[in-house]
Every structure is written in structure tokens, then in C-alpha cells.
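> attaching a predicted model along with its sequence, questions to come.
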Amino acid sequence: MSAPGYTPYPRPRAPEVSTSFIGDAFNLFKEHWVTYLLIAIPGVLVIGGTFLYPFWQVFQAADPEPSPFDTTSIFQSIGLSIFQGLVITLTYAVFAHIGVRHLRGETPSFDMVGEALVRAIPLAFASFFISVLVAVGTYCCCLPGLILSGLFSITPPIVTMLGKGPIDAMSLSFDTLKPQLWPVTYLIFLTSLIVGLSFLTVLLPLLTMPLYGLVVARLYHEFLDQPSAPIPAEPLR
């Protein structure tokens, strides 16, 4: 029995990662699918164009077998990879930002795109640092790279929603998700696999690009965006 004058209150639930977040993200997408698709179109076109550009160059070139010492081609490839990574990062960050606002009960809008892109510079730096760490981790037996991808996954919404700098956002993401290391690694790997395979088709990326960002938003919402637990009532005097 409870003490006289004491009002029970719900205990806070410990946050945890689940593959059901992919289904939650898809349900968010379905609620405002037109808005999400329209926002996805520019990102998908630019990313698709960067993938196709090298093939276009080969067909346009008089010599389809360029010299391995052609520094122009090397610098073009590096620049294209950097640009492609930046566009992908900003696209996912936009959808993560919109997804968090959507989970709060707000209606997704194009104004939210601008709100996220205001933080483009810290997002770009965070993306660069994460890419280097993930690349080194992938080179060392692949698994460390997958783990780091998961642990740093909520860095973009931390940058846009909390206004953190790149290093602080990465640190907060890492520390927040570390207790759920294996579940979050599996979730991000599975979501990335879905997105990667979708680029073998023509129209599916319009769905999967928002999906990845919304999964990240669901993760952020689970761990850093939940309302505080109710305060227990004062005993009657």
C-alpha cells in the first residue's frame, strides 16, 4: 500500500534502441510523404549526378584510358568525393532535423530545411571528422568502422537542435549511445544497407534518403529529446 497523501507517478523508462525505429521512421514519412519527397528531390538529383559524372567523363573523353599520373583526374575525383560527402551529410541532417520536429508534433515544412542548413559549417566539420574516424576504423577489420558509424549517428541533430560544435556534438553522441553499442550499430548498419541498395534503382532513393534521416531523428528523440519524468506530488500536510 502507498503512504497516505502520496500520489504514485510513472517511473522514467530507460531509453533503448530497436529495429522498430525503421518502422517508426516509415510511419513518419507516410504522414507527410509529399513534403518529404519534395525535399528529397534536390539531394537525390545532386548525389545521383555525382555518381554518374565519372561515367559521363569517360564517354566524353577522347582517350577512355587516362594516364594513372593524370593529376587533374585525381584532384577532380577527390573534389567530387568531398562534395558528394557534404551533400549526403547535409541531406541526412536536414531530414533528421525535420524528423525531430515532426516527432515533437510539428508539421514538416520547407522552413525547417533552412533552419538545419544554417548549421552547415559545423555539420561539414563534424562529417569530415567522423568520415576520417570511420575510414580508419573500417580499414582496421571493418567492424570498428561500423561501430563508430552507429555511435556518432545522432551528431547531426545534436548540431542543429542543441547548437553544439562538431567535437562537442560527436562526444555527446558517442557517450549517449555507448550503453547501446551493439543495438545501435546493427540499426545503423541495417538502415545504411537499405539506403545503399536503393541507389541501384531509380526512384527508391526518394524514399530511403528521408528514411535514414528519420531513423536518426527517432534515435535522437529516444535518448535526448524525451520530456522529463513527472515530478512526484508533495505529501498532504
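Cool, the structure landed.

> C-alpha only now, for contacts and for neighbours.
Will do.

> in the chain, which helix or strand is least confident?
helix 33-60 (a mean of 77; mean pLDDT, DSSP states H and E).

> helices or strands up against the helix or strand just after that one?
With elements assigned by DSSP states H and E, the helix or strand that comes after helix 33-60 is helix 71-103. With contacts taken as 3 or more C-alpha pairs under 8 Å, 6 or more residues apart in numbering; DSSP states H and E, helix 71-103 sits against helix 33-60, helix 111-117, helix 120-139, helix 155-162, helix 205-224.

> Q84 is nearest to which of those?
helix 33-60 (6.2 Å; C-alpha to C-alpha).

> among the helices and strands packed on helix 71-103, which is nearest F189?
Ranking the helices and strands packed on helix 71-103 by their distance to F189 (criterion: C-alpha to C-alpha) puts helix 205-224 first, at 10.6 Å.

> contact partners of the closest one?
15-17, 21-22, 24-26, 28-29, 36-37, 40-41, 44, 91-97, 99-100, 103, 153-154, 157-158, 176, 191-192, 194-195, 198-199 (C-alpha atoms under 8 Å, 6 or more residues apart in numbering).

> ditto for stretch 154-167
Everything outside stretch 154-167 that qualifies as a contact, by C-alpha under 8 Å, 6+ apart, is 93, 96-97, 100, 115-116, 119, 122-123, 125-126, 169-170, 172-173, 216-217, 219-220.

> per-residue pLDDT, L197?
The per-residue pLDDT reported for L197 equals 87.

> that one: what secondary structure?
Here L197 takes the helix state, with states given by DSSP: H, G, I helix; E, B strand; the rest coil.

> count of residues packed around G105?
A count of nearby residues for G105, using other C-alpha atoms under 10 Å, gives 9.

> so what's the backbone phi/psi at it?
Reported as degrees, to the nearest 10, the phi and psi values for G105 are phi 100, psi 0.

> ok, it - contacts?
Residues in contact with G105 (C-alpha under 8 Å, 6+ apart): none are found.

> which of the helices or strands spans S192?
In this assignment (DSSP H and E), S192 forms part of helix 181-198.

> list the helices and strands that helix packs on?
Taking 3+ C-alpha pairs under 8 Å, 6+ apart as the contact definition, the neighbouring helices and strands of helix 181-198 are helix 143-151, helix 205-224.

> of all the residues in it, which ones are buried?
181, 183-189, 191-192, 194-195, 198 (16 or more other C-alpha atoms under 10 Å).

> cool, and stretch 96-111?
Taking 16+ other C-alpha under 10 Å as the basis for neighbour counts, the residues of stretch 96-111 that come out buried are 96-103, 108.

> of the contacts of helix 205-224, buried ones?
Going by neighbour count (16+ other C-alpha under 10 Å), these have 15, 17, 21-22, 25-26, 28-29, 36-37, 40, 44, 91-97, 99-100, 103, 153-154, 157-158, 176, 191-192, 194-195, 198-199 buried.

> just to revisit the earlier point, what's the closest of the helices and strands packed on helix 181-198 to F83?
In this view, the helices and strands packed on helix 181-198 are compared for proximity to F83 by C-alpha to C-alpha, and helix 205-224 is the closest at 17.1 Å.

> now do the end-to-end distance for stretch 136-153.
Taking C-alpha to C-alpha, to the nearest Å, stretch 136-153 runs 17 Å from one end to the other.

> same deal with stretch 169-187?
Using C-alpha to C-alpha, the distance between the terminal residues of stretch 169-187 is 20 Å.
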